[in-house]
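Asks: kindly return the folded structure for what I paste below:
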Amino acid sequence: MHTTNTKTTCTYKITVDGSTLVYIGSTHNYTRRMFNHIRSLELGNHRNKTLQALYNEFGINAVKFEIVKTFTKASKALLPTYRDWE
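Replies: Residues are numbered from 1 along each chain as shown. Presented below is the predicted three-dimensional model:
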């Protein structure tokens with residue numbers, strides 16, 4: 001799992017070993033967002049049903065988080081751009 005400054009504004013991707021699908025997201029607080037993804041997956045209620053199904057099949061050790069690009073300024077324009085499976 002990638003760790004970085006709590007307030008990092010970035011686009012990120014989530015991949016799952018054993019799958020070719022990629023979840024793309026963006027956030028103004030990477031650490032909090034990563035925690036929220038993991039928490040939702042553990043509770044079995046992640047809003048992306050495909051990611052939830054992959055988590056259920058392969059487990060947390062197969063889930064990988066990676067920052068794709070960081071931004072020096074918080075950009076509201078990046079948020080609606082990256083939201084689903086690539």
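Asks: send me the longest helix seen in the chain as PDB with only the CA atoms.
Replies: Assignment by DSSP state H gives helix 30-43 as the longest helix of the chain. Output of helix 30-43 as PDB, limited to C-alpha atoms (Å, rounded to 0.1, in the frame of the first residue of the first chain):
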ATOM      1  CA  TYR A  30      -5.300  10.600  -0.400                       C
ATOM      2  CA  THR A  31      -4.800   8.900   3.000                       C
ATOM      3  CA  ARG A  32      -8.400   9.500   4.000                       C
ATOM      4  CA  ARG A  33      -9.700   8.300   0.700                       C
ATOM      5  CA  MET A  34      -7.600   5.100   0.700                       C
ATOM      6  CA  PHE A  35      -8.800   4.400   4.300                       C
ATOM      7  CA  ASN A  36     -12.400   4.900   3.200                       C
ATOM      8  CA  HIS A  37     -12.000   2.500   0.300                       C
ATOM      9  CA  ILE A  38     -10.500  -0.200   2.500                       C
ATOM     10  CA  ARG A  39     -13.200   0.300   5.200                       C
ATOM     11  CA  SER A  40     -16.000   0.000   2.600                       C
ATOM     12  CA  LEU A  41     -14.500  -3.100   1.200                       C
ATOM     13  CA  GLU A  42     -14.100  -4.700   4.600                       C
ATOM     14  CA  LEU A  43     -17.700  -3.900   5.400                       C
END
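Asks: how far does it sit from the chain's center?
Replies: 8 Å (Cα atoms, centre = their mean, to the nearest Å).
Asks: and the helix or strand following it with helix 30-43, angle?
Replies: Next along the chain after helix 30-43, taking DSSP states H and E as the criterion, comes helix 49-58. If you take axes from the mean of the first three to the mean of the last three Cα atoms, to 10 degrees, helix 49-58 sits at 70 degrees to helix 30-43.
Asks: what pLDDT, on average, does helix 49-58 get?
Replies: On average, the pLDDT along helix 49-58 is 96.
Asks: pLDDT on stretch 66-78, on average?
Replies: 74.
Asks: what residues of the longest helix of the chain count as buried?
Replies: Across helix 30-43, burial judged by 16 or more other Cβ atoms under 10 Å covers 30, 33, 34, 37, 38, 40, 41. C-beta here means a position set from N, CA and C on the backbone, and glycine is covered the same way.
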